[in-house]
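1. okay, here's the prediction I keep looking at, along with the sequence it came from:
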Amino acid sequence: MTSLKKRVSQNKEAIKSPGPKKNPEIDAMIDRYIKEHPQRVAYLKTETKDQLVRRAILKDALKYDASMKQRVKVNEAVGNFLKDNPEIAQDIEKRISRVPDEQKQDARMRLGRQEATRTALKIS
(Lines give C-alpha, C1' and ligand atoms only; values in the text may rest on other atoms or scores of the structure.)
Protein backbone atom coordinates (compact mmCIF):
# COMPACT_ATOMS: atom_id res chain seq x y z
CA MET A 1 0.00 0.00 0.00
CA THR A 2 1.18 3.44 -0.81
CA SER A 3 0.62 6.30 1.55
CA LEU A 4 -2.09 8.85 0.83
CA LYS A 5 0.49 11.62 0.53
CA LYS A 6 2.45 9.64 -2.06
CA ARG A 7 -0.70 8.84 -4.08
CA VAL A 8 -1.76 12.50 -4.04
CA SER A 9 1.65 13.58 -5.32
CA GLN A 10 1.53 10.88 -8.02
CA ASN A 11 -1.92 12.11 -9.08
CA LYS A 12 -0.66 15.69 -9.29
CA GLU A 13 2.27 14.54 -11.43
CA ALA A 14 -0.05 12.50 -13.66
CA ILE A 15 -2.27 15.52 -14.23
CA LYS A 16 0.71 17.68 -15.19
CA SER A 17 2.31 15.13 -17.53
CA PRO A 18 0.98 14.82 -21.08
CA GLY A 19 0.08 11.42 -22.50
CA PRO A 20 -1.61 8.40 -21.02
CA LYS A 21 -1.88 8.18 -17.26
CA LYS A 22 0.12 5.51 -15.47
CA ASN A 23 -1.00 3.57 -12.45
CA PRO A 24 1.90 1.98 -10.57
CA GLU A 25 -0.30 -0.82 -9.21
CA ILE A 26 -1.54 -1.72 -12.70
CA ASP A 27 2.00 -1.49 -14.07
CA ALA A 28 3.18 -3.91 -11.35
CA MET A 29 0.37 -6.32 -12.25
CA ILE A 30 1.33 -6.15 -15.93
CA ASP A 31 5.02 -6.67 -15.12
CA ARG A 32 4.15 -9.71 -13.00
CA TYR A 33 2.03 -11.16 -15.82
CA ILE A 34 4.87 -10.61 -18.31
CA LYS A 35 7.29 -12.52 -16.05
CA GLU A 36 4.82 -15.35 -15.45
CA HIS A 37 3.71 -15.76 -19.10
CA PRO A 38 6.72 -15.20 -21.40
CA GLN A 39 5.29 -17.37 -24.20
CA ARG A 40 2.06 -15.38 -24.36
CA VAL A 41 4.03 -12.13 -24.39
CA ALA A 42 6.29 -13.44 -27.16
CA TYR A 43 3.19 -14.33 -29.21
CA LEU A 44 1.65 -10.90 -28.68
CA LYS A 45 4.88 -9.23 -29.77
CA THR A 46 4.62 -11.00 -33.14
CA GLU A 47 1.23 -9.40 -33.85
CA THR A 48 0.97 -6.14 -35.72
CA LYS A 49 -0.24 -2.98 -34.09
CA ASP A 50 -3.42 -3.18 -36.16
CA GLN A 51 -4.14 -6.69 -34.90
CA LEU A 52 -3.63 -5.60 -31.29
CA VAL A 53 -5.84 -2.55 -31.75
CA ARG A 54 -8.56 -4.68 -33.36
CA ARG A 55 -8.37 -7.13 -30.44
CA ALA A 56 -8.77 -4.26 -27.96
CA ILE A 57 -11.72 -2.91 -29.96
CA LEU A 58 -13.31 -6.37 -30.05
CA LYS A 59 -13.00 -6.58 -26.26
CA ASP A 60 -14.71 -3.18 -25.94
CA ALA A 61 -17.42 -4.18 -28.43
CA LEU A 62 -18.17 -7.43 -26.59
CA LYS A 63 -18.36 -5.57 -23.28
CA TYR A 64 -20.70 -2.99 -24.85
CA ASP A 65 -22.92 -5.70 -26.38
CA ALA A 66 -23.19 -7.52 -23.04
CA SER A 67 -24.09 -4.25 -21.34
CA MET A 68 -26.77 -3.47 -23.92
CA LYS A 69 -28.24 -6.98 -23.70
CA GLN A 70 -28.46 -6.61 -19.92
CA ARG A 71 -30.10 -3.22 -20.30
CA VAL A 72 -32.68 -4.62 -22.74
CA LYS A 73 -33.40 -7.50 -20.36
CA VAL A 74 -33.89 -5.14 -17.41
CA ASN A 75 -36.05 -2.76 -19.47
CA GLU A 76 -38.27 -5.67 -20.56
CA ALA A 77 -38.66 -6.78 -16.95
CA VAL A 78 -39.51 -3.22 -15.86
CA GLY A 79 -41.98 -2.90 -18.73
CA ASN A 80 -43.69 -6.13 -17.63
CA PHE A 81 -43.75 -4.90 -14.03
CA LEU A 82 -45.42 -1.66 -15.11
CA LYS A 83 -47.98 -3.57 -17.20
CA ASP A 84 -48.80 -5.75 -14.20
CA ASN A 85 -49.05 -2.70 -11.91
CA PRO A 86 -51.00 -0.01 -13.81
CA GLU A 87 -51.44 2.18 -10.70
CA ILE A 88 -47.66 2.44 -10.36
CA ALA A 89 -47.35 3.12 -14.10
CA GLN A 90 -49.90 5.95 -13.84
CA ASP A 91 -48.05 7.43 -10.88
CA ILE A 92 -44.79 7.33 -12.83
CA GLU A 93 -46.45 8.98 -15.84
CA LYS A 94 -47.65 11.82 -13.59
CA ARG A 95 -44.16 12.22 -12.14
CA ILE A 96 -42.50 12.43 -15.56
CA SER A 97 -45.11 14.67 -17.21
CA ARG A 98 -42.70 17.64 -17.26
CA VAL A 99 -39.70 15.64 -18.46
CA PRO A 100 -38.71 16.38 -22.10
CA ASP A 101 -40.00 13.73 -24.53
CA GLU A 102 -36.50 12.51 -25.49
CA GLN A 103 -35.76 11.76 -21.82
CA LYS A 104 -39.12 10.23 -20.82
CA GLN A 105 -38.28 6.62 -21.63
CA ASP A 106 -35.09 6.69 -19.55
CA ALA A 107 -36.92 8.39 -16.68
CA ARG A 108 -39.77 5.86 -16.93
CA MET A 109 -37.35 2.94 -16.79
CA ARG A 110 -35.35 4.42 -13.92
CA LEU A 111 -38.45 5.08 -11.82
CA GLY A 112 -39.91 1.70 -12.80
CA ARG A 113 -36.74 -0.06 -11.60
CA GLN A 114 -36.91 1.84 -8.32
CA GLU A 115 -40.58 0.93 -7.80
CA ALA A 116 -39.99 -2.71 -8.76
CA THR A 117 -37.16 -2.90 -6.23
CA ARG A 118 -39.28 -1.27 -3.52
CA THR A 119 -42.16 -3.63 -4.24
CA ALA A 120 -39.88 -6.68 -4.18
CA LEU A 121 -38.39 -5.59 -0.86
CA LYS A 122 -41.87 -5.13 0.65
CA ILE A 123 -42.93 -8.61 -0.43
CA SER A 124 -39.94 -10.42 1.07
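-> Sure thing, it's come through.

2. going forward, measure contacts between C-alpha atoms and count neighbours the same way
-> OK.

3. what's the distance between the residue most central in space within the chain and residue 44?
-> Centroid check for the chain by C-alpha atoms, centre = their mean gives residue 67 as the closest residue, at 7.5 Å. Distance of residue 67 to residue 44, computed by C-alpha to C-alpha, to the nearest Å: 28 Å.

4. and what of residue 30?
-> Residue 30 is 14 Å from residue 44, where distance means C-alpha to C-alpha.

5. go on, residue 65?
-> Distance from residue 65 to residue 44, by C-alpha to C-alpha: 25 Å.

6. and residue 80, by the same measure?
-> With C-alpha to C-alpha as the criterion, residue 80 and residue 44 are 47 Å apart.

7. show me where this protein dips below the pLDDT cut-off.
-> Applying pLDDT under 70 to the chain picks out residues 1-2, 14-18, 123-124.

8. which one in it is furthest away from the centre?
-> Outermost residue of the chain (C-alpha atoms, centre = their mean): residue 87, 32.3 Å.

9. checking residue 20 next. Helix, strand or coil?
-> Here residue 20 is coil, with the state taken from DSSP: H, G, I helix; E, B strand; the rest coil.

10. number of nearby residues for it?
-> Per other C-alpha atoms under 10 Å, the neighbour tally for residue 20 reads 8.

11. helix or strand for the residue farthest from the centre of the chain, which one?
-> Element membership of residue 87 [criterion: DSSP states H and E] is helix 86-95.
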